[in-house]
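> quick one, what's the 3D model for this:
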Amino acid sequence: MLSSLTRRLGTADAVALGLAAMLGAGVFAAFSPAAAAGGSWLLLAVAIAAVTALCNAASTADLAVAHPESGGGYVYTRERLSPGTGRLAGVSFLVGKVSSAAAAAGVFGTYVLPAHPVICAVVVIVVVSAMVIAGVRWSPGTAWLLVGGTLAVLAVVVVVGLLGPGGSTGVSASPVTDSPVPVQIVPGPLGVVTAAGIVFFAFAGYSRVATIGEELRDPDRSLRRAVVISFAVLTVTYVAVAGALLVGLGVDRLAAEHAPLVALVDTGQAPALGVLVRIGAAVASGAALLSVLVTTSRTMREMARRGELPKVFTKTGSRQNPWPADIAGAVLAIVVAILAGPVAAIALSACATLVHYALINVAALRLPRARRRWPVWLSLLGVVLCVGLAVFLPLSAVLITAAALLGGWLLCTLVVRWGAHATPPGD
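Just a heads-up that it's a prediction; the model follows:
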């Protein structure tokens, strides 16, 4: 548990916490809709998503060292660009994380109770939110256990997929168009871009590393190393899992499966391992849900401190956790989980998060050369990739995200103006 934001974490601790946040819902659910969009080019989509994540990680690391405080991208863009742009970054972060929480809960329900996934998703959000309000956090030691267990489960999946007899009859040369997975397909090569945007969701958890800058003993040195190590481990893992799924299931079946990793071990004539995979998915998605809800409430608290959300969100409990923000994040996640399935929630989260990181890359361009540790062209490339992937996500996700960002930005702006209006002159 973390009772306060003290500088007591090292590089290994940050890596463990980052991987614990990243190895969650994405690896267990994102590859099916990505295969539906990108077809046999799924590995290329993973590579594009990885490059996008690398650019974002570089910009985030530089900004986090320059601003080692809670609030992440909201603080960076506010300080480097403008309060209005920071407000948009904060809203996009919240929309992305709320949708990510709903997706993680949906994955939990799909793997644990497939007959009633929505009910299971709501229950797990309530339970995990209660843990967050009680002050529960992943300690570095627990995070290492979680990461080790998840990687072990994924290693089993990769071995079964690559070495088992499998059920694949080959991969399709074009994107799947008859999949029950609700993804709107963009015809032609652009389907790979759509797939990359969906896979990017599985990389987005590294923001957990950037938001703990004020907890690192030496953020100038540790943060960059933690991001690089976490990113490298994650990329290798995702390429291996995606390759195993393609070999073991083939594109057509992969695109049709809502719990693809369980389907893979079943196809590989290892049905007993299905229970292990379901347990791994439950633990990983539950852990990711915990991490996402924590970072959501932290950003809400920082926005409230700066008068861009109601002041009630700055209120903390006996363990210094912002319980009103925790409750608000949980309620919003439940609404998204009920209204959208995990695949739709993944698309929404990916779109909002890509907007968020596009703004972070722009903010990083404003850093003086002396404060940059990564080439400036990575930030430029990051802007292009984030905007490009966001635009080619399913149209419904793009439109809903745009409406949510506009509505959220306007509401926050009204809060700012109301606060300024309500403050007596001279205060």
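> wait, a helix at Thr150?
Yes. Using DSSP: H, G, I helix; E, B strand; the rest coil, the assignment for Thr150 is a helix.
> what's near enough to touch it?
Thr150 makes contacts with Leu23, Gly280, Val283, Ala284, as judged by CB atoms under 8 Å, 6 or more residues apart in numbering. From N, CA and C alone the C-beta is placed, and that goes for glycine too.
> by mean pLDDT, point me to the weakest helix or strand of the chain.
helix 207-210 (a mean of 61; mean pLDDT, DSSP states H and E).
> can you tell me the closest non-neighbouring residue to Val228?
Distances taken as CB to CB, 6 or more residues apart in numbering place Ala57 nearest to Val228, at 7.6 Å, with adjacent residues excluded.
> neighbours of the one you found, how many?
Residues lying near Ala57 (other CB atoms under 10 Å) number 26.
> cool, and Val283?
Using other CB under 10 Å, Val283 has 18 neighbouring residues.
> any figure for the gap between Thr194 and Ala104?
According to CB to CB, to the nearest Å, Thr194 stands 21 Å off from Ala104.
> doesn't Ala244 make contact with Leu264?
Yes. Counting by CB atoms under 8 Å, Ala244 is a contact partner of Leu264 at 6.8 Å.
> any idea how far Lys21 lies from Ala202?
One thing to correct before we go on: residue 21 is Ala, not Lys. Separation of Ala21 from Ala202 (CB to CB): 11 Å.
> ok, Leu406 next?
Leu406 is 27 Å from Ala202, by CB to CB.
> same check on Gly24?
Distance of Gly24 to Ala202, given as CB to CB: 8 Å.
> Pro342 now?
Counting by CB to CB, the separation of Pro342 from Ala202 is 12 Å.
> quick check: neighbours shared by the two?
What both Pro342 and Ala202 touch, as defined by CB under 8 Å, 6+ apart, is the set Ala25.
> the stretch 251-400 of the chain: helices as residue ranges?
Per DSSP state H, counting those that start in this stretch, the stretch 251-400 of the chain carries helices over the ranges 260-267, 272-305, 323-339, 342-364, 376-391, 395-422.
> skipping adjacent residues, who's closest to Thr110 in space?
Pro117 (4.8 Å).
> if we can go back for a sec, quickly find the element holding the residue nearest to Val228.
Using DSSP states H and E, Ala57 falls within helix 42-66.
> give me the buried positions along that helix.
Within helix 42-66, the residues that count as buried by 16 or more other CB atoms under 10 Å are 42, 45-66.
> between Leu264 and Ala244, who's got more neighbours?
Using other CB under 10 Å, the more surrounded residue of Leu264 and Ala244 is Leu264, with 31 against 25.
> separation between that one and Ala34?
Separation of Leu264 from Ala34 (CB to CB): 15 Å.
> same check on Ala304?
Per CB to CB, Ala304 is found 36 Å from Ala34.
> ok, the two, which is more surrounded?
The residue with more neighbours, out of Ala304 and Ala34 and counting by other CB under 10 Å, is Ala34; that gives 34 against 20.
> which residues sit in contact with the more buried one?
Neighbours of Ala34 in contact, by CB under 8 Å, 6+ apart: Leu42, Ala45, Val46, Ala195, Ala196, Ile198, Val199.
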